[in-house]
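Visitor: Got a predicted structure plus its sequence, pasted below:
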There are 4 protein chains.
Amino acid sequence: MIIVLKQEANQVEVNRLTKKLQSLGVTINHSAGSTTTILGLIGDTSKIDMSKISANQAVEKVMRVQEPYKKANRLFHPENSIISVDGEKIGGKRLGIIAGPCSVESEEQIIGIAKRVKAAGANFLRGGAFKPRTSPYSFQGLELEGLNMLKAAKAETGLPIVTELMSTKHIDAFVDDVDMVQIGARNMQNFDLLKEIGKTQLPVLLKRGLSATIQEWLMSAEYIMSEGNENVILCERGIRTYETITRNTLDLQAVPVIKKLSHLPIIIDPSHAGGYTYLVEPMAKAAVVAGADGLMIEVHDDPENAWSDGEQCLTPDEFDRLMDKAKRLAEVEGREI
Amino acid sequence: MIIVLKQEANQVEVNRLTKKLQSLGVTINHSAGSTTTILGLIGDTSKIDMSKISANQAVEKVMRVQEPYKKANRLFHPENSIISVDGEKIGGKRLGIIAGPCSVESEEQIIGIAKRVKAAGANFLRGGAFKPRTSPYSFQGLELEGLNMLKAAKAETGLPIVTELMSTKHIDAFVDDVDMVQIGARNMQNFDLLKEIGKTQLPVLLKRGLSATIQEWLMSAEYIMSEGNENVILCERGIRTYETITRNTLDLQAVPVIKKLSHLPIIIDPSHAGGYTYLVEPMAKAAVVAGADGLMIEVHDDPENAWSDGEQCLTPDEFDRLMDKAKRLAEVEGREI
Amino acid sequence: MIIVLKQEANQVEVNRLTKKLQSLGVTINHSAGSTTTILGLIGDTSKIDMSKISANQAVEKVMRVQEPYKKANRLFHPENSIISVDGEKIGGKRLGIIAGPCSVESEEQIIGIAKRVKAAGANFLRGGAFKPRTSPYSFQGLELEGLNMLKAAKAETGLPIVTELMSTKHIDAFVDDVDMVQIGARNMQNFDLLKEIGKTQLPVLLKRGLSATIQEWLMSAEYIMSEGNENVILCERGIRTYETITRNTLDLQAVPVIKKLSHLPIIIDPSHAGGYTYLVEPMAKAAVVAGADGLMIEVHDDPENAWSDGEQCLTPDEFDRLMDKAKRLAEVEGREI
Amino acid sequence: MIIVLKQEANQVEVNRLTKKLQSLGVTINHSAGSTTTILGLIGDTSKIDMSKISANQAVEKVMRVQEPYKKANRLFHPENSIISVDGEKIGGKRLGIIAGPCSVESEEQIIGIAKRVKAAGANFLRGGAFKPRTSPYSFQGLELEGLNMLKAAKAETGLPIVTELMSTKHIDAFVDDVDMVQIGARNMQNFDLLKEIGKTQLPVLLKRGLSATIQEWLMSAEYIMSEGNENVILCERGIRTYETITRNTLDLQAVPVIKKLSHLPIIIDPSHAGGYTYLVEPMAKAAVVAGADGLMIEVHDDPENAWSDGEQCLTPDEFDRLMDKAKRLAEVEGREI
């Protein structure tokens, strides 16, 4: 951590600051130039609250040098993490392909789609039972009934289930019935939910918030991990920018950035990123060759009548074609689907 | 709602779409140009899910004409709403001035600051007991103990209490002890929390999410109101942009925009918007003359040793000076503090 | 174009508006609902200035249905455009690979790098002679001397030259010596420059502005094309977002979006998008499989001592490896390098 | 400047880097922690190109401590600059009020509006003769003829003229006829234009680019000043964000930020920021009390028929009322209009 002092800071203030810093267990390196004086803090600064220091009257600004996350940091865990989810693995050579409808609509629907996506190469089934919708007047999901339909589809196909949790009050039901819990973009900083899920060992698919920096995203992973649950998989699903012709802007650079900073697996959700069917195939293929550990794709057998997100899902036939292409591209990259 | 058809849409698809739309209870107006055909939907479209229509194969795009919120909409409620909070009112001639420390630190601290801000003109006391922090290693608040300290400060000064709720499990405690509950920016789309608070009659200070559009913000107000709680006050606290020299960018235009679209009161939080003390006074004054119904200001008697946000709070003396200025400006505008 | 009328608009105002619209040569379709009245404009609205209509007192808002560009619009030119640049082609089956240093530094340097990138598969040579730098104190390019060095490299290798033009006063020199002129991101809306280059037939590589919407970008292409020069190639090079861990956010979705809206070729510049060497290979590969018509890559034989942008360029060896990979991926996609 | 070394950097690389840095005339302060080594550079680093250092193999990242601008920097020029424009001054106690139509349309129009705005309190006349328009099919301005009309209005009223320059080829005409030249947002990084205008002594109104950081904006001022022209006035006119309900987001915090970092005057253009008439008055008043040195306001006597931007201009009567209010607010702030 670097502290830049104000030009007009007096010696009394600087001494007071120095004493405070030393009490935090760090060593201080002092560099005085003609117009600027800098203090370099040596030691473990990950638990120092920057805002406490920048409030000091002698301080012009504070700059962090070390990343503030520990458990999610590749520096302290150089090998890739491979997360086991009911026998399947995410983070290794084989990509995790999560597919299924936006919303669970009926047992028949979810079983039918599960069979199709499994045949095409998916190794996880997605389907929303609890739905975070911008409008209170939109369909909010079949809730616990939807969870039971997902279980029926798993019984039929063996595919592990991935579905979103929106409230701490359903954690027990998720621990019992779900193989990987999704924390949605809107809840990425719902710290109450992160802490509670951190107390379980349930694998967590942590979606990036709509305007979360990569550092904030890893800090949210850290919330879960610091409670004891290290089974975290990151999912980039588009960020909010000024461009409105697509639903969000897919930040595909997040893949190599996360690979550099963290040991956690990262997958891409091209369906929510772009918001339109025609963007899914090109972005899914791009994700595979950029080094993502998996994909999350919305598939529906009747998009026109889907209860939600019909404009961004693939039909099973389109998903088949995507998987064919993706397999060949993964092979060039030394990965497999 | 306007539906633009694809150039290549065939008659069968268009007929199917038309029938579907009619079943939703709207009248359709058909305009055919040489390259574009447009369907205009007449009637109540606020409960139609745009994504269900845009998934249709004949549809190029869907554009909303009417705003999707009803209860928050000024169109259906032309007068300003005035919200009563334990005898005080927000939304009328007199501004609501909410002041106090970022975090409640001790009974002595909160009582001392409450007395000072009341003397300067504040009519509400703020203080965080549950703190949403980016890092799990930062101070997370005194929690229920903090709530008790706020009660002691209210007993001493009579100032109604405003404090943040982060979890549905504390709603009962908040209904008992708190006069206005704050929903923080990170939880603006925590729909589970919005629905639960909507079932009470507790006044809600709904902060705008870091990257929420004004429409999404009003839709979150709608979540609360549609459950029966119409005591919603909006709070702009800065949005995330590419500019990093300030913590966030204060969107002061939100004041006249909200006044145009909605009847709900809106207040401004300049402390969180800018993130630095030197920005608070100019932006607080700007908010007053731009038509805001109130201010939320962080005040701490010892910013250097504040447990959080010390770099953005005012001292009681600085707050005194701000209130003096703000009163004179409010008078020019026909308002009062 | 859709015009939503104000609820309180009176008949006199609406009649005046209607007359004005009819004088612009469009037919008006009138849809009156209980709370909203909509006018649908049928006909060629691409030359109607939206702001002239939205100033009308009867108008609540104006929404465009048709895209405002004509010559760049795929609607009126369904086939892909293939642009010829000194014998090479961009927009067809074979990708255009533009490689070379950020700045031209010496004849020896540029010839050396040109030979290496040609051997690896590049079919165009880039190199900056006029450099747009944020600071007036940074190296501004070798200017016309740099142009001569590029010519020497072309004489040696046969690679057509791509380089940036910053001022109308050098247009003649560029027409004489350069095979494709680059308009940089900062000049995307330098309309004076666009109009002048539109009067030549020089192929133009039009970079997307840092915060330009895709529609604004196509309107800038339209500026060039409407003057008579239809040889425009678009180049996505990253957009500005709130994320600062990368230099810019690469908007790879722009590839399928442009392919849908326009017939113009689009290439990707992963060097400027990410700003760091480690991001170039994954994003270049992603661009190939997402359907881009080419790549623009910075290559330098001694990045540590490059005069500009050393932190984002590949060495010739790294470029060799990228080209090997890219060729195999292009093949899977039915393209070639 | 702070250089963070890579953990794996070896001694040979570090020595090479150290030698290179010393050759740039700075002193190096070395701080080694357990996981991070930091080099602090002491001395004048404003002319060091950060990207040249970050390309070094031993370097993890480079962080700037000192601001890279010198002439625009308040550190080296503590007093406010007051710029003289044809006898009027901007930057002192009296606010600079620039008003007039978006486009000059006729001599009669511009003279009529000039008289009205002067009577209301404006001390500068604006009017566009060269218009940067997103579409090539929109009205592009009356050009030199428009300039003559502005001169006629000045002859009649004495108000100094402010108008936009888009091309270096008109600089001589501007030096002869214009009192303050406006560089528009789209040209803020048209470095060719900045350098040429820097060679004159014409006062420059430098608008902030749509997505320019405050630092980049000051660097563009530095381009002009480093050529010898220190008569620069900054103008904030809204930045691009994800919010689309307003044309741009007015970054009013820029006022106190600029006052802290620079000695240059700053004015606010609320017309272009919001894009709608109803936003102009509240934001203009907010700017006055936030400490701005002036306002730029679009005024048109017949907004419905304005040739451009009619939806964001005030009528002369609305401008009268705004000035009345603004005068009383300025008085509270110890300023005058």
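Guide: Alright, I've got the coordinates. Numbers count the residues shown, from 1 in each chain, chains lettered A, B, ... in the order given.

Visitor: which other residues reach stretch A:117-126?
Guide: Here stretch A:117-126 makes contact (Cβ atoms under 8 Å, 6 or more residues apart in numbering or on different chains) with A:85, A:88, A:94, A:96-101, A:110, A:114, A:150, A:153-154, A:157-163, A:179-180, A:182, A:296-299, A:316, A:319-320, A:323, A:326-327, A:337. All C-beta atoms are positioned from the backbone trio N, CA, C, and that covers glycine.

Visitor: Which residues of the stretch 1-150 of chain A lie near chain C?
Guide: Neighbours of chain C within the stretch 1-150 of chain A, by Cβ under 8 Å from any Cβ of the partner chain: none found.

Visitor: which one is the closest residue to chain B within the stretch 51-200 of chain A nearest to, not counting chain neighbours?
Guide: Using Cβ to the nearest Cβ, the closest approach of the stretch 51-200 of chain A to chain B is made by residue A:55 at 2.7 Å. Excluding its sequence neighbours, the residue lying closest to residue A:55 (Cβ to Cβ, 6 or more residues apart in numbering or on different chains) is residue B:310, at 2.7 Å.

Visitor: Next up, the contacts around residue A:95.
Guide: Contacts of residue A:95 (Cβ under 8 Å, 6+ apart): A:288, A:292, A:293, A:294, A:295, A:326, A:330, A:335, A:336, A:337.

Visitor: Can you tell me which of the residues you listed are buried?
Guide: For the contacts of residue A:95, a neighbour count by 16 or more other Cβ atoms under 10 Å in any protein chain shown gives the buried set as A:288, A:292, A:293, A:294, A:295, A:326, A:330, A:335, A:337.

Visitor: Was I right to think the fourth one contacts residue A:93?
Guide: Translated: residue A:294. No: the criterion here is Cβ atoms under 8 Å, and residue A:294 misses it with residue A:93 at 11.7 Å.

Visitor: quick one: which of the contacts of residue A:95 is nearest to residue D:272?
Guide: residue A:292 (41.2 Å; Cβ to Cβ).

Visitor: And the helices in the stretch 201-337 of chain A, which stretches?
Guide: Applying DSSP state H, counting those that start in this stretch to the stretch 201-337 of chain A gives helices spanning A:214-226, A:254-261, A:270-274, A:277-290, A:316-332.

Visitor: rewinding a little: from the contacts of stretch A:117-126, which land in strands?
Guide: Mapping the contacts of stretch A:117-126 onto strands (DSSP state E) picks out A:85, A:88, A:96-100, A:161-163, A:180, A:182, A:296-298.

Visitor: Just put the helices of the stretch 201-337 of chain A in CSV and tack on mean pLDDT.
Guide: CSV is the format used below for those (pLDDT from 0 to 100):
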stretch, mean pLDDT
helix A:214-226, 97
helix A:254-261, 98
helix A:270-274, 97
helix A:277-290, 98
helix A:316-332, 98
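
Visitor: would you turn the ones you listed into CSV with distance to chain C?
Guide: Converted to CSV, the helices of the stretch 201-337 of chain A look like this (distance: least, Cβ to the nearest Cβ, whole Å):
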stretch, distance to chain C
helix A:214-226, 5
helix A:254-261, 5
helix A:270-274, 5
helix A:277-290, 4
helix A:316-332, 5
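
Visitor: between these, which one is nearest to chain D?
Guide: Comparing these against chain D with Cβ to the nearest Cβ, the closest turns out to be helix A:254-261 (10.6 Å).

Visitor: Mind giving me the packing neighbours of the closest one?
Guide: Packing partners of helix A:254-261 (3 or more Cβ pairs under 8 Å, 6 or more residues apart in numbering or on different chains; DSSP states H and E): helix A:214-226, strand A:232-236, strand A:266-268, helix A:277-290, helix C:277-290.

Visitor: Need the CA coordinates for that helix. PDB is fine.
Guide: Extracted in PDB, the C-alpha atoms of helix A:254-261 (Å, rounded to 0.1, in the frame of the first residue of the first chain):
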ATOM      1  CA  ALA A 254     -12.300 -11.300 -18.000                       C
ATOM      2  CA  VAL A 255     -11.200 -14.800 -18.900                       C
ATOM      3  CA  PRO A 256      -7.500 -14.200 -19.200                       C
ATOM      4  CA  VAL A 257      -7.600 -11.600 -16.400                       C
ATOM      5  CA  ILE A 258      -9.200 -14.000 -13.900                       C
ATOM      6  CA  LYS A 259      -6.800 -16.700 -15.000                       C
ATOM      7  CA  LYS A 260      -3.900 -14.400 -14.100                       C
ATOM      8  CA  LEU A 261      -5.300 -13.100 -10.800                       C
END
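
Visitor: show me what contacts residue A:332?
Guide: Residues counted as contacts of residue A:332 (Cβ under 8 Å, 6+ apart) are A:289, C:325, C:328, C:329, C:332.

Visitor: now, the most widely separated pair of the residues you listed?
Guide: Pairwise distances across the contacts of residue A:332 (Cβ to Cβ) peak at 11.3 Å, for the pair C:325 and C:332.

Visitor: Residue A:74: neighbouring residues, count only.
Guide: Close neighbours of residue A:74, defined as other Cβ atoms under 10 Å in any protein chain shown, add up to 17.
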